[in-house]
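S.K.: Predicted structure and sequence below. I'll ask about it afterward.
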Amino acid sequence: MKPKTVAIIGAGGRGTLFADIIGEYGHLGKVVAVAEPKDDYRQSMATKHGVKKDMCFNTWQEFVARPKLCDAVVVATMDREHVEPAVACLNKGYDMLLEKPMAPSLAECRAIEQAQRKSGGIVAVCHSLRYHKEFRKVRDLVASGAIGRLITVDMVEGVATWHQAHSFVRGNWGNEAKSAFMLLAKCCHDIDYLCFLTGQPARYVSSFGSLTYFRKENAPEGAADRCTDNCPCEPTCQYSAIKQYVNSDRETWPPKVVSYDHSYEAHLKAIQTGPYGRCVWKCDNDVVDHQVVNIQFDNDITATFTMTAFTMECARRVRIHGTEGEIWFVPGCITVRTFADKGVNEIRLAPETGGHGGGDQRVVREWLTALHTRDDSKIVANAQESLRSHTVVFAAEEARKRNTLISLDEFSAS
Ligand SMILES: NC(=O)c1ccc[n+]([C@@H]2O[C@H](COP(=O)([O-])OP(=O)(O)OC[C@H]3O[C@@H](n4cnc5c(N)ncnc54)[C@H](O)[C@@H]3O)[C@@H](O)[C@H]2O)c1
């Protein structure tokens with residue numbers, strides 16, 4: 001079996017991770033091209049994976065301008081830079097692993113799905129929870145009827161204060177116009193999982209939420225614009241960039257998005273001049289720091305979803321209620337209770353290596369396998385599935401912004 005040849009579009013955090021995972025499955029795939037504007041990122045990937053010089057490109061535009069160069073692409077650019085490379089690559093006949101979210105608007109998501117249908121390319125969208133070992137187990141239990149007929153689901157995503165500050169205040173996903181709204185950028189995983197878990201079309205959604213805390217008026221008195229500007233609050237501030245990014249274990253945290261060079265001097269300079277040194281109450285962030293979504297699915301199934309920044313643990317929990325039992329899931333433990341016999345079964349799966357409970361590995365493996373078999377039935381988040389759950393996300397955000405209830409039928413037809 002000849003490994004499928006893959007180009008990485010966007011050699012940032014996720015692109016690098018996917019290239020490494022493809023390297024782990026060398027019998028199935030090989031990275032042979034890279035498109036990335038940052039010289040150090042591009043060079044580092046080329047060296048690690050033995051990418052030839054004439055297969056290194058500064059941008060996806062340069063890559064796609066050439067005749068078809070390999071079998072498939074991984075699109076791991078930022079949220080607002082998915083639709084153009086995705087559609088261009090599909091039109092050129094590439095198969096594709098596409099990072100979530102598909103795109104920041106429903107029209108663009110539809111454009112990707114249409115391009116996939118036209119080209120017949122094998123597409124997997126990285127809805128990591130569908131591939132996460134424990135989340136997959138929970139879904140399989142529900143599908144097997146372990147708790148009878150599914151009635152209600154209650155899912156909470158704790159983003160954690162430090163993570164909110166890093167990614168959704170100071171970082172790449174803080175400003176909707178530059179990336180995407182919170183429910184799309186962070187929680188499209190959760191809404192997608194609820195669609196996957198229930199296996200039913202969503203009918204109605206409502207949502208509430210706002211940016212309440214990380215706002216200028218909540219800055220402590222006298223706070224400077226940057227932690228390094230002799231801010232009097234810095235020594236006691238939990239969001240101090242000096243504590244988080246300079247006097248930290250710089251090799252493991254923070255990621256290279258703050259500084260590619262992990263020396264003390266480079267990190268200090270990064271927070272003196274870059275976005276990660278800004279006071280968390282004085283940034284250009286506008287995405288919500290808490291939001292709730294209610295969904296009515298077919299079969300009378302109801303679901304609630306809560307996203308909150310205000311927790312210490314960066315983790316999700318799900319409670320699922322059926323006619324004959326319930327499942328309470330927290331990372332590390334799935335508890336199944338059955339009503340008739342008052343049974344309690346605690347399921348603890350062996351931990352998997354790799355991000356998202358082994359999900360990142362699994363999505364790559366299933367996608368590469370489908371490239372060989374040309375059978376995408378094992379891909380649990382193809383373009384059509386992903387478009388369905390993205391539609392619920394866009395509808396929920398519309399409901400939040402308009403403070404109203406949205407019918408999915410009407411929203412999809414609009
Ligand atoms: N599935 C998940 O759980 C998960 C987790 C984190 C991020 N993501 C998503 O993955 C995507 C990438 O996130 P990231 O953290 O790796 O971001 P990143 O900024 O680290 O990487 C994006 C890369 O794209 C490059 N790029 C910009 N313009 C380009 C062009 N014209 N051609 C080629 N490359 C270009 C940038 O230079 C950058 O290196 C985002 O859409 C994000 O939402 C998904």
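M.R.: Alright, I've got the coordinates. Quick caveat: nothing in here was measured; it's all calculated off a predicted structure.

S.K.: Please make it C-alpha for all contacts and neighbour counts, starting now.
M.R.: Noted.

S.K.: Next, the distance between the ends of stretch 279-298.
M.R.: End-to-end distance of stretch 279-298 (C-alpha to C-alpha, to the nearest Å): 45 Å.

S.K.: List the buried residues for that stretch?
M.R.: Residues of stretch 279-298 classed as buried under the neighbour-count rule (16 or more other C-alpha atoms under 10 Å) are 279-297.

S.K.: what residues does the stretch 151-300 of the chain put near the ligand?
M.R.: Neighbours of the ligand within the stretch 151-300 of the chain, by C-alpha under 6 Å from any ligand atom: residue 185.

S.K.: Which parts of the stretch 151-300 of the chain are helices?
M.R.: With DSSP state H, counting those that start in this stretch as the definition, the stretch 151-300 of the chain shows helices at residue ranges 161-163, 182-185, 188-198, 241, 264-273.

S.K.: can I get the ones you listed in JSON lines with distance to residue 321 and mean neighbour count?
M.R.: Written out in JSON lines, the entries for these read as follows (distance: least, C-alpha to C-alpha, whole Å; neighbours: other C-alpha atoms under 10 Å):
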{"stretch": "helix 161-163", "distance to residue 321": "29", "mean neighbour count": "19"}
{"stretch": "helix 182-185", "distance to residue 321": "24", "mean neighbour count": "23"}
{"stretch": "helix 188-198", "distance to residue 321": "11", "mean neighbour count": "23"}
{"stretch": "helix 241", "distance to residue 321": "42", "mean neighbour count": "26"}
{"stretch": "helix 264-273", "distance to residue 321": "46", "mean neighbour count": "17"}
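
S.K.: okay if I get the ones you listed as a markdown table plus mean pLDDT?
M.R.: Formatted as a markdown table, the entries for the helices of the stretch 151-300 of the chain read as follows, by pLDDT from 0 to 100:
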| stretch | mean pLDDT |
| --- | --- |
| helix 161-163 | 96 |
| helix 182-185 | 98 |
| helix 188-198 | 98 |
| helix 241 | 96 |
| helix 264-273 | 95 |
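
S.K.: how about those helices, which one is nearest residue 399?
M.R.: Go through those one by one with C-alpha to C-alpha and the one that ends up closest to residue 399 is helix 182-185, at 11.9 Å.

S.K.: And the contacts of the closest one?
M.R.: Residues external to helix 182-185 that are found in contact with it (C-alpha atoms under 8 Å, 6 or more residues apart in numbering): 79, 100-101, 104, 168, 173, 176, 179, 287-288, 390, 393-394, 397.

S.K.: Tell me the gap between it and the middle of its chain.
M.R.: Centroid separation between helix 182-185 and its chain, computed with C-alpha atoms, centre = their mean, to the nearest Å, is 9 Å.

S.K.: Domain-wise, how is this protein divided?
M.R.: Per automatic domain parsing, the structural domains of the chain span 4-121, 131-214+286-350+383-413, 222-277.

S.K.: How far does the shortest one stretch from one end to the other?
M.R.: Read that as domain 222-277. Domain 222-277 has an end-to-end distance of 17 Å (C-alpha to C-alpha).

S.K.: Likewise for the longest one?
M.R.: By C-alpha to C-alpha, the extent of domain 131-214+286-350+383-413 from end to end equals 30 Å.

S.K.: repeat for the first one
M.R.: End-to-end distance of domain 4-121: 14 Å, with C-alpha to C-alpha as the criterion.

S.K.: close to the ligand, is it?
M.R.: Yes. Using C-alpha under 6 Å from any ligand atom, domain 4-121 reaches the ligand at 9-15, 35-38, 59-60, 76-79, 99-101.

S.K.: These, buried ones only, as a ChimeraX selection?
M.R.: Buried members of those, identified by 16+ other C-alpha under 10 Å, are gathered into one ChimeraX selection as follows:
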select :9,10,11,12,14,15,35,36,59,60,76,77,78,79,99,100,101
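
S.K.: quick revisit: which among the domains of the chain is found nearest to residue 371?
M.R.: When those are ranked by proximity to residue 371, the top entry is domain 4-121, at 7.4 Å, counting by C-alpha to C-alpha.

S.K.: Look up how far residue 250 lies from residue 266.
M.R.: In this structure, residue 266 and residue 250 are 10 Å apart, going by C-alpha to C-alpha.

S.K.: Residue ranges in the stretch 301-414 of the chain under the pLDDT threshold?
M.R.: Scanning the stretch 301-414 of the chain with the threshold set as pLDDT under 70 gives no residue ranges.

S.K.: Residue of it nearest the ligand, please.
M.R.: Sorted by distance to the ligand under C-alpha to the nearest ligand atom, the residues of the stretch 301-414 of the chain start with residue 356, at 7.0 Å.

S.K.: how many other residues sit next to that residue?
M.R.: Using other C-alpha atoms under 10 Å, residue 356 is surrounded by 18 other residues.

S.K.: got it, and residue 40?
M.R.: Based on other C-alpha under 10 Å, the number of other residues close to residue 40 is 12.

S.K.: Next: residue 63.
M.R.: Applying other C-alpha under 10 Å, we find 22 other residues in the vicinity of residue 63.

S.K.: Quick check: phi and psi at it.
M.R.: Recorded main-chain torsions at residue 63 are phi -60, psi -50, according to degrees, to the nearest 10.

S.K.: my guess is it meets residue 57, correct?
M.R.: Yes. Residue 63 is in contact with residue 57 according to C-alpha atoms under 8 Å; the separation is 6.0 Å.

S.K.: Mutual contacts of the two, please.
M.R.: Both residue 63 and residue 57 are contacted by residue 35, under the criterion C-alpha under 8 Å, 6+ apart.

S.K.: Torsion angles phi and psi at the residue lying closest to residue 25 once chain neighbours are set aside?
M.R.: When the adjacent residues along the chain are set aside, residue 25 lies closest to residue 365, with 7.3 Å between them (C-alpha to C-alpha, 6 or more residues apart in numbering). Dihedral pair for residue 365: phi -60, psi -50, per degrees, to the nearest 10.

S.K.: Where does the residue located most distally from the centre of the chain sit: helix, strand or coil?
M.R.: Using C-alpha atoms, centre = their mean, the residue of the chain lying farthest from its centre is residue 341. It sits 39.2 Å away. Taken by DSSP: H, G, I helix; E, B strand; the rest coil, the conformation at residue 341 corresponds to coil.

S.K.: What are the phi and psi values at it?
M.R.: Note on residue 341: backbone dihedrals following degrees, to the nearest 10 are phi -100, psi 10.
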